[in-house]
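Engineer: Sequence and computational prediction follow.
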Amino acid sequence: MMKRIAVVLSFCLLTMSAFAIDSEKAFDDPALQARYDKLVAEVRCVTCQNQNIKDSNAFIASDLRREIRRMIGEGKSNEEIKDFLVTRYGDFVLYRPRFEGKTLVLWIAPFLLVLFGGIAMVRVVRHRMTMPLDGESNGNGGAQ
Amino acid sequence: MNRFLLPLVAVVIMIPIMILGLQSDPSKLPSQYIGKPAPEFSLPTLMDPSKTFSTADLKGQISLVNIWATWCGGCRTEHGFLMELARTNTIPIYAIDWRDKRPEALNFMNQLGNPYVASGFDEDGRVGIDWGAYGAPETFLIDADGIVVYRFTGPLNRALWEQEFVPRIAELQE
């Protein structure tokens, strides 16, 4: 009985691939297919903003997949394809914004925040180290 | 006093930024073409496939370009207002019929009326993508040099027209 349930359940798992939106191969050449897979996973669907166009069945996502397939087929580079998308939809359309211009702040801000936090922490700790410990008498009864 | 100054300054700076963040609608994307020439295109018109509607038609006058389709509920909603606007002859309304089926689009025009000077028929949706369209309806205001001045997303009505378009058109006419 258990075995039968296990078999049925594992068949259920097999059907998962049927739910994939963009399941057919776009290219015979595995190198081109790999580029395509990577690109569609990095492009945001503009109507369903928390999905990439690989996982979205919105028509605009399928149109953008078609445009990416066409451009890869025409021998365009990844940069040219990203330019095409950013010209039309802005930096927002790329899940990994490029390291340039307006998007620079997105890349640098986290490191700056960690740096400021670190400096603040060091200063607070240094300051506390100079304060007398509780119970030691220095006239005002210890830490403030 | 001094040790509260820095946090206080930080809070005073952050509060307006956060209020702005709460007020902006993240589902509305800014158009990439504001202040730039309208994207180059050439499409057969919906009414007569032997004629074309292209970027060149947008030069020499202030105009609207409305991206619509029969599958778009909001387009049906705003259609009555577009008819009303067309009757006043204030501004020529051009259109891109985005990713549509010709018989259905013609049927829509026959039933509800045609407010458009010309409607380009963008069957595979390429031109819509070139315009950075992400939903319909979208309405672009184009100046006499063919530069995109403004994009409105969503169904238009009289009140939104008065609020979003009338002042911008007045500014262009000065």
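Structural biologist: Structure's in. What do you need? Residues are numbered from 1 along each chain as shown, chains lettered A, B, ... in the order given.
Engineer: any idea of the mean pLDDT in stretch A:71-84?
Structural biologist: Here stretch A:71-84 scores 95 as its mean pLDDT.
Engineer: How about stretch B:68-75?
Structural biologist: 95.
Engineer: Now look at it and say if it contacts chain A.
Structural biologist: No - using Cβ under 8 Å from any Cβ of the partner chain, stretch B:68-75 stays clear of chain A, coming no nearer than 8.5 Å. Heads up, the C-betas are built off the backbone N, CA and C, glycines and all.
Engineer: pLDDT below threshold where in chain A?
Structural biologist: Scanning chain A for pLDDT under 70 picks out the ranges A:11-24, A:135-144.
Engineer: Give the buried residues for the helix or strand hosting residue B:79.
Structural biologist: Secondary structure assignment for residue B:79, by DSSP states H and E: helix B:73-88. Of all the residues in helix B:73-88, those buried under the rule 16 or more other Cβ atoms under 10 Å in any protein chain shown are B:74-75, B:78-79, B:81-82, B:85-86.
Engineer: burial of the residue lying closest to residue A:45 once chain neighbours are set aside, as a residue count?
Structural biologist: Distance criterion Cβ to Cβ, 6 or more residues apart in numbering or on different chains; nearest residue to residue A:45, sequence neighbours excluded, is residue A:56 at 4.0 Å. A count of neighbours around residue A:56, defined by other Cβ atoms under 10 Å in any protein chain shown, yields 24.
Engineer: how many other residues sit next to residue A:58?
Structural biologist: Using other Cβ under 10 Å, residue A:58 is surrounded by 17 other residues.
Engineer: what's it in contact with, if anything?
Structural biologist: Contacts of residue A:58 were listed using Cβ atoms under 8 Å, 6 or more residues apart in numbering or on different chains, and they are A:45, A:47-48.
Engineer: now those residues in TSV, with neighbour count, distance to residue A:61 and secondary structure?
Structural biologist: Listed next are those as TSV, based on neighbours: other Cβ atoms under 10 Å in any protein chain shown; distance: Cβ to Cβ, whole Å; DSSP: H, G, I helix; E, B strand; the rest coil:
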residue	neighbour count	distance to residue A:61	secondary structure
A:45	23	4	coil
A:47	16	8	coil
A:48	17	7	coil
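Engineer: Out of these, the closest to residue B:100 would be?
Structural biologist: residue A:47 (16.7 Å; Cβ to Cβ).
Engineer: and that closest one, what does it touch?
Structural biologist: A:58, A:60-61, B:134-135.
Engineer: Which residue ranges make up each domain of chain A?
Structural biologist: Listed by automatic domain parsing, the domain ranges of chain A are A:27-98, A:99-133.
Engineer: Would you point out which residue of chain B is nearest chain A?
Structural biologist: residue B:134 (3.7 Å; Cβ to the nearest Cβ).
Engineer: Identify each buried residue in stretch A:43-54, please.
Structural biologist: Residues A:43-48, A:52-54 are the ones in stretch A:43-54 that count as buried (16+ other Cβ under 10 Å).
Engineer: Spatially, which two of those are the most separated?
Structural biologist: Pairwise over the buried residues of stretch A:43-54, using Cβ to Cβ, the maximum falls at A:47 and A:54, 14.8 Å.
Engineer: Can you show me the strands along chain B?
Structural biologist: Listed in chain order, the strands of chain B (DSSP state E) span residues B:42-44, B:52-54, B:63-68, B:93-98, B:118-122, B:138-142, B:148-153.
Engineer: ok so, going back, among the contacts of residue A:47, which one sits closest to residue B:33?
Structural biologist: The closest of those, once distances to residue B:33 are taken by Cβ to Cβ, is residue B:134, at 13.0 Å.
Engineer: Pretty sure that closest one sits against residue A:46.
Structural biologist: Yes - with contact defined as Cβ atoms under 8 Å, residue B:134 counts as touching residue A:46 (3.7 Å).
Engineer: rewinding a little: what is the most widely separated pair among the contacts of residue A:47?
Structural biologist: Among those, A:61 and B:135 lie farthest apart (Cβ to Cβ), at 12.4 Å.
Engineer: Same drill for those two, tell me which one is more crowded.
Structural biologist: residue A:61 (24 against 19).
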